[in-house]
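Participant: Next come a sequence and a model predicted from it.
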Amino acid sequence: MISSLESERLDKGFYMKDAVSVAKNLLGKYLIKNTDKGFIGGMIVETEAYMGPQDDAAHSYNLRKTKRNEAMYEEGGAAYVYFIYGMHYCLNIVTNKRDIPQAVLIRAIEPRFGIDIMLKNRNTDLINLTNGPAKLCGALNIDLSYNKVSLLSDRLFITQGEEIKGDVTSTKRINIEYAKGYKDKPWRFIVKNSKFLSK
DNA sequence: TTAACGATGAGC
DNA sequence: CTCATCGTTAAG
């Protein structure tokens, strides 16, 4: 029942762990945005963990800190939104303690709430609505104004969600060919039987 | 100041 | 496979 969604919000403790743990635990949870037309969002089915200083695929590799990625240094439970390829936004969930710059990239969700609104935000069909990190940001209308927003807030939050049906698997992360030592780490997590995984 | 590039998506 | 498209980054 949608009106009870906010009371099922995950608490701070959920986010105060390493990014790999949180990335696994996020599968099956609901990512919800509060709009003036109601709640929109869906069930998380694909995530990627970025583990910070040692992870040469991460924006925070070697403790790199810039205007773009400073949200990664926040305490767990904040959003990290970045602009990429001159036209797309991607949403991450910051994890772990302040100044341990880890995050989980949300790569795909299954549409559940406000599907009509999301379809209007992106001109496409249901199957291609949220099956990619920039696609789901388009569907949810998430841009840089959501950078550093707390997921314990009313604007954007994550709830307990559903029991996962079927298997959970891990694979290599996508599009990090520039990485070296950590390129093949199995830190992409998916709900295997979902029809809404990224392409 | 500048040049190269990117945690993507769409089209062919 | 190609390319759109431009802010961010690190080098100069």
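Facilitator: Nice, I can see it.
Participant: Please enumerate the helices of chain A.
Facilitator: A:12-15, A:19-26, A:115-121, A:133-140 (DSSP state H).
Participant: in the second one, what counts as buried?
Facilitator: What it means is helix A:19-26. Of the residues in helix A:19-26, A:19-20, A:22-26 count as buried by neighbour count, 16 or more other CB atoms under 10 Å. Bear in mind the C-beta positions are built from the backbone N, C-alpha and C, glycine included.
Participant: which residues touch residue A:142?
Facilitator: Counting by CB atoms under 8 Å, 6 or more residues apart in numbering, residue A:142 makes contact with A:33, A:81, A:89, A:91, A:136, A:156.
Participant: Output those as a markdown table; include the columns neighbour count, distance to DNA strand B and pLDDT.
Facilitator: Converted to a markdown table, those look like this (neighbours: other CB atoms under 10 Å; distance: CB to the nearest atom of the strand, whole Å; pLDDT from 0 to 100):
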| residue | neighbour count | distance to DNA strand B | pLDDT |
| --- | --- | --- | --- |
| A:33 | 20 | 17 | 98 |
| A:81 | 20 | 10 | 98 |
| A:89 | 20 | 9 | 98 |
| A:91 | 25 | 9 | 98 |
| A:136 | 29 | 7 | 98 |
| A:156 | 20 | 17 | 98 |
